[in-house]
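Colleague: My questions concern the predicted model and sequence given below.
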Amino acid sequence: MVRTKISTKAVSEKSLKRQWHEVDVSGKVLGRIVPEIVKLLQGKNKVTYVPYLDAGDYVVIVNAKKIKLTGRKLSTKTYTYYSGYPGGLRTVKAGDLLEQNPAEIIKHAVLGMLPKNKLRDRRIARLHIFADGSHPYKDKFSAKS
């Protein structure tokens, strides 16, 4: 029996190629689209994925103000922020936050799904969210992505 030597190439940070993805979330449900965004940010859609490297891509989200929340979440779901000072607890309903800053709802959901490790800040820095369809990254995309 002849054995052939099979070797697996180790993936390094320098050999990674980052792509740009544009995700249109108009009319899509928040809880259904966020896992797909997280997979792109982590690089789990690539064959070169390793958990200890940041192999993810850039993600541009457009039409964030048109995202849907199911059920009664617009009136019952609250986002809580605490400044650390007495009387510094702030709560905002999801419907109000969607009108004021729709990007914050998506960013909050993506942050909650990303692993809480040292790569989290670098991954979330590659997420760009825009309330409408225009953004300055149009030249980064190929003909079909």
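Modeller: Received the coordinates, thanks.
Colleague: Mind listing the residues bridging to residue 91?
Modeller: Taking DSSP bridges as the rule, residue 91 bridges to residue 80.
Colleague: From residue 132, how far out is it?
Modeller: In this view, residue 91 and residue 132 are 27 Å apart by Cβ to Cβ, to the nearest Å. Using the backbone N, CA and C atoms, a C-beta is placed for each residue, glycine as well.
Colleague: Same check on residue 64?
Modeller: With Cβ to Cβ as the criterion, residue 64 and residue 132 are 8 Å apart.
Colleague: And the helices in this protein?
Modeller: For the chain, applying DSSP state H gives helices covering 30-42, 73-76, 94-100, 102-113, 120-125.
Colleague: And for the closest residue to residue 55 other than its chain neighbours, the neighbour number?
Modeller: Nearest non-adjacent residue to residue 55, counting by Cβ to Cβ, 6 or more residues apart in numbering: residue 43, 3.3 Å away. Counted with other Cβ atoms under 10 Å, the neighbours of residue 43 add up to 21.
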